[in-house]
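J.: Here is my input, please return the structure:
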Amino acid sequence: MLQGLMRTKSVEQSIAEADEPKYRMKRSLSALDLTVFGVGIIIGTGIFVLTGQQAARNAGPAIILSFLIAGVVCALVAVCYAELATTLPVAGAAYTFSYATLGELVAWIIGWDLTLELAIVTSVVARGWSAYLHDLFNLPDTVAGDAARPDWGAIFIVVLLGIMALFGTKLSGRVSAVLVAVKVAVVLFVIALGAFFIKAANYTPFIPPSQPAEKQAGSDAPLLQVLLGVTPQHFGVFGILAAASIVFFAYIGFDVVANTAEETRNPQRDMPRGILASLAICAVLYMAVSFVITGMAHYTRLDTGAPLARAFDEAGIIWAAKIIDVGALSGITTVILVLLVGQTRVLFAMSRDGLLPRGLGAVHPRLGTPWIITLVMAVAVSALAGSVPLSQLTKLVNIGTLFAFVMVCLGVIVLRRTRPDLHRTFRAPGVPWLPALAILACLWLMLNLPVKAWMRFLVWMALGLVVYFAYGRHHSRLGRRLRR
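T.: This next block holds a predicted model:
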């Protein structure tokens, strides 16, 4: 039984199945499209909120160092994704990589984990989009915003972008390109205009003296605090690291780009370019915005839900707030669109492998997209976003993402040992040490998440195991082939 659970699907078999007429998707994406997708999903609420909040709560003006540290950790993981995406250019990303390296059970756990993660984060971001729409156009509270039940604004944007995703990644990429251009233009506007209002005195002290943070109690406490009794710190060196562990999640999204490998014209060349270029662009923008707004306003004034607008208000440029809202709305729209594309590709790969009903993975003969799964997820996510308060579930997304990162980095080490003969157009440097360092960094971040996040994660995994042993294990395409 254990051998059956650890069965792996060869790289050659995965690539061959991706070329079957029933499941073949249209290859239309270039390196530029992938970069646009990456920037589109990475730059969202993080640049408009986390930059100021974490400066005020943990790092002071040294928040720029927190973004640098988080960016380096993400780069370690990103090169692992790039190697596997070029070696195994098939939809599913972390799920598919795990199937080829760590076995079917681990792959199922990753796919199940990503299903929840991407659905929740899409719903949360859709609620945020609705809130910005409400504020920008002064809509009634019954139509959009935090108080709306149902939230028609969130439902509208998920359904609209779900239909757009149905018509292909090329169309989604073109729309994303326009919205990303607006978003980046607003970010550059913030940097360029804000630079004229920087006051050098606001950078003193650059690293504020450390202060003990209030210990959390019960399930709200970080696991590290429960296990080792470590007292969290604000400011100082440990404050910079604490902020880095939070702003790390502002970079998440490059992993979703790997889900589109099967729809990329030349994945061996373009996947590394798209993943790493989008991450580098976003890191520079994050650090530049952090530098500017902590220079415009003292970091103690930035603990607000709209720190960029607060910084401009402090400088007397009140009219800039509306422009920032437009940028935030554009930014969040691209995040929702790319997330919808990403989650349908994970489910498509699981369906093609038989771990979910195979009929769900049918590809539309004209559009070249998994149309049934796209429609199902658009309906499910719009219902979730429109009716359920999701704020308490967001930390579950973080732990799920980090778990997937650990498995991908481990997969690089395993595949290098088990299949040294494979042609790799892109090779992560320093294997096994670099992936091992990335694994340790991700585990450290996981230990800093609350106990209740771990509890929810384990409950969801247990439910996933029930589904796997009740359905997936018996209908697995690979399992059936091996039993013949």
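
J.: how about the residue lying closest to residue 231 once chain neighbours are set aside, phi and psi?
T.: Taking Cβ to Cβ, 6 or more residues apart in numbering, and ignoring the residues beside it in sequence, residue 231 has residue 212 as its nearest neighbour in space, at 5.7 Å. Heads up, the C-betas are built off the backbone N, CA and C, glycines and all. Backbone torsions of residue 212, given as degrees, to the nearest 10, read phi -70, psi 140.

J.: Test my guess that residue 212 contacts residue 235.
T.: No - under the contact definition of Cβ atoms under 8 Å, residue 212 does not touch residue 235, with a separation of 10.2 Å.

J.: more neighbours, those two?
T.: With neighbours defined as other Cβ atoms under 10 Å, residue 212 and residue 235 compare such that residue 235 has more, 22 against 10.

J.: And the more buried one, how far from residue 68?
T.: As defined by Cβ to Cβ, to the nearest Å, residue 235 lies at a distance of 17 Å from residue 68.

J.: how near is the nearest residue to residue 69 once chain neighbours are set aside to residue 60?
T.: Once its chain neighbours are removed from consideration, residue 69 has its nearest residue in residue 244; the separation is 4.2 Å (Cβ to Cβ, 6+ apart). Residue 244 sits 13 Å away from residue 60 when distances are taken as Cβ to Cβ.

J.: ok, the two, which is more surrounded?
T.: Under the neighbour definition other Cβ under 10 Å, residue 244 and residue 60 were set side by side, and residue 60 has more, 30 against 24.

J.: All the helices of the stretch 251-400 of the chain, in order from the start?
T.: Taking DSSP state H, counting those that start in this stretch as the test, the helices found in the stretch 251-400 of the chain are 254-257, 267-296, 307-314, 320-352, 371-387, 394-418.

J.: Rebuild the ones you listed as CSV, extending it with mean pLDDT, distance to residue 51 and mean neighbour count.
T.: Output for the helices of the stretch 251-400 of the chain, formatted as CSV (pLDDT from 0 to 100; distance: least, Cβ to Cβ, whole Å; neighbours: other Cβ atoms under 10 Å):
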stretch, mean pLDDT, distance to residue 51, mean neighbour count
helix 254-257, 81, 19, 28
helix 267-296, 93, 5, 23
helix 307-314, 81, 6, 23
helix 320-352, 82, 12, 25
helix 371-387, 89, 25, 20
helix 394-418, 83, 18, 22
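
J.: And these: which comes nearest residue 188?
T.: With respect to residue 188, and counting by Cβ to Cβ, the nearest of the helices of the stretch 251-400 of the chain is helix 267-296 at 8.1 Å.

J.: The closest one: how far from the chain's middle?
T.: The chain centroid and the centroid of helix 267-296 are separated by 14 Å under Cα atoms, centre = their mean, to the nearest Å.

J.: what helices or strands is it leaning on?
T.: Helices and strands touching helix 267-296, as assessed by 3 or more Cβ pairs under 8 Å, 6 or more residues apart in numbering; DSSP states H and E, comprise helix 31-42, helix 51-54, helix 63-87, helix 169-194, helix 254-257, helix 307-314.

J.: pLDDT of stretch 470-484, averaged?
T.: Regarding stretch 470-484, the rounded mean pLDDT is 82.

J.: What of stretch 40-60?
T.: Confidence over stretch 40-60, taken as the mean pLDDT, stands at 81.

J.: again with stretch 139-153
T.: Stretch 139-153 shows a mean pLDDT of 80 in the predicted model.

J.: Send over that stretch as CSV, restricted to the C-alpha atoms.
T.: Backbone C-alpha positions of stretch 139-153 (Å, rounded to 0.1, in the frame of the first residue of the first chain) are rendered in CSV as follows:
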residue,chain,number,x,y,z
LEU,A,139,-21.8,53.2,-3.9
PRO,A,140,-24.6,52.2,-1.5
ASP,A,141,-23.6,49.9,1.3
THR,A,142,-26.1,47.3,0.1
VAL,A,143,-24.4,47.0,-3.3
ALA,A,144,-20.6,46.8,-2.5
GLY,A,145,-18.2,47.1,0.4
ASP,A,146,-17.6,45.4,3.7
ALA,A,147,-21.2,45.8,4.9
ALA,A,148,-22.9,44.4,1.7
ARG,A,149,-24.6,41.0,2.1
PRO,A,150,-24.5,39.7,-0.5
ASP,A,151,-21.6,41.6,-1.8
TRP,A,152,-22.7,42.2,-5.4
GLY,A,153,-19.5,44.0,-6.3
